[in-house]
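Undergrad: okay, here's the prediction I keep looking at, along with the sequence it came from:
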Amino acid sequence: MVTARAPATSANLGSGFDTFGVALSHPADTVTVERAAETTIEVSGAGARYIPTDPDENVVGAVADALDAPAHIHIDKGVRPSSGLGSSAASAAAAAVALNDLYDRGYSAHDLVPVAAEGEAVVSGEAHADNVAPSLLGGFTVVRSDDGATSVDTDLPLVACLPEVVVSTRDARRVVPESLTMAEHVETVGNAATLAAGMCRSDPELVGRGMDDPVVTPARAELITGYAGVREAAFEAGATGVTVSGAGPSVLAVPKPGRRREVAAAMVEGFADAGVGARAYQTEVGRGASVL
Ligand SMILES: Nc1ncnc2c1ncn2[C@@H]1O[C@H](COP(=O)(O)OP(=O)(O)O)[C@@H](O)[C@H]1O
Ligand SMILES: N[C@@H](CCOP(=O)(O)O)C(=O)O
């Protein structure tokens, strides 16, 4: 029997749509695997009743297939599904690490990125890796379709505020604009480069400034009740940048040093003002998946 833990993640970070991601130090999923003739799945924890146990519909089933590693798989969800915090990716990453160890496959964390991404194809229709890469590698990650993932360790406090509403990644991809103007392209590249430089320097001011995105985030913010008020409240409480986490509904903020608690409280209150319950994770950029 092998148990692995894989962290929640926040993809996009505004300017890095389908490219950037960070691992959060918490919450996380825990997956336990035991050799079996056929894959079977059991789920407990946050939102477990909404998660299919059929291996054809659960991300971990696709991971077991990709590694040719049938197992009885128990998933303990710490990351609520449809949260914008890489819930399905956390299960896929933890299963990939656990099954790699159980069957002595010898793959590196980098090798496991496309394997875990196969799981993502089950839920979103595409094998996108911007959540599984940070969940496996930790830190700040950049994925490109043609050459895998690059990761950078960084020291950065974060607040991820999860409202009691559901936005599925599949639905949120439908509102992404199909084109952008040259001015929007120039602004986005400038912001993304600023953010990446900020990550390399563990500089919350630069990272926050680089999170602005004129294209995808405004369209997705419409799907999140209370987003504008939450964003404003977070800035007033000391955030350097605020954006939609992944496809939403979570909202991610980078607090100035010493302001994390205040930013978290302001975001929860911002959602409350819009009549939406929410919880805020006071977290930071963390490590990737590991066997426990
Ligand atoms: N192991 C899993 N963990 C979480 N969600 C899963 C899992 N397997 C399949 N799903 C399905 O994936 C969807 C949630 O994935 P997604 O929208 O990507 O969430 P998130 O925004 O948190 O990444 C739900 O429909 C859920 O039923
Ligand atoms: N790049 C994807 C990321 C989805 O992240 P999730 O945590 O909401 O699954 C997108 O923006 O669609």
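TA: Sure thing, it's come through. Ligands and ions are numbered 1, 2, ... in the order given.

Undergrad: residue of the stretch 151-292 of the chain closest to ligand 1, please.
TA: T169 (3.6 Å; Cβ to the nearest ligand atom). Using the backbone N, CA and C atoms, a C-beta is placed for each residue, glycine as well.

Undergrad: what about the strands in the stretch 51-200 of the chain?
TA: 71-77, 140-144, 148-152, 157-163 (DSSP state E, counting those that start in this stretch).

Undergrad: quick check: which of the ones you listed is buried the most?
TA: strand 157-163 (a mean of 25; mean count of other Cβ atoms under 10 Å).

Undergrad: now the strands of the stretch 51-200 of the chain in JSON lines, with distance to T240?
TA: Formatted as JSON lines, those follow (distance: least, Cβ to Cβ, whole Å):
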{"stretch": "strand 71-77", "distance to T240": "31"}
{"stretch": "strand 140-144", "distance to T240": "15"}
{"stretch": "strand 148-152", "distance to T240": "18"}
{"stretch": "strand 157-163", "distance to T240": "10"}
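
Undergrad: any chance of those strands in JSON lines, with mean pLDDT and distance to ligand 1 too?
TA: Below are these laid out as JSON lines (pLDDT from 0 to 100; distance: least, Cβ to the nearest ligand atom, whole Å):
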{"stretch": "strand 71-77", "mean pLDDT": "98", "distance to ligand 1": "5"}
{"stretch": "strand 140-144", "mean pLDDT": "96", "distance to ligand 1": "15"}
{"stretch": "strand 148-152", "mean pLDDT": "93", "distance to ligand 1": "17"}
{"stretch": "strand 157-163", "mean pLDDT": "98", "distance to ligand 1": "9"}
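
Undergrad: now distance to ligand 2 too, for these, in JSON lines please.
TA: Putting the strands of the stretch 51-200 of the chain into JSON lines (distance: least, Cβ to the nearest ligand atom, whole Å) gives the following:
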{"stretch": "strand 71-77", "distance to ligand 2": "14"}
{"stretch": "strand 140-144", "distance to ligand 2": "9"}
{"stretch": "strand 148-152", "distance to ligand 2": "13"}
{"stretch": "strand 157-163", "distance to ligand 2": "10"}
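
Undergrad: out of those, which comes closest to T194?
TA: strand 140-144 (13.2 Å; Cβ to Cβ).
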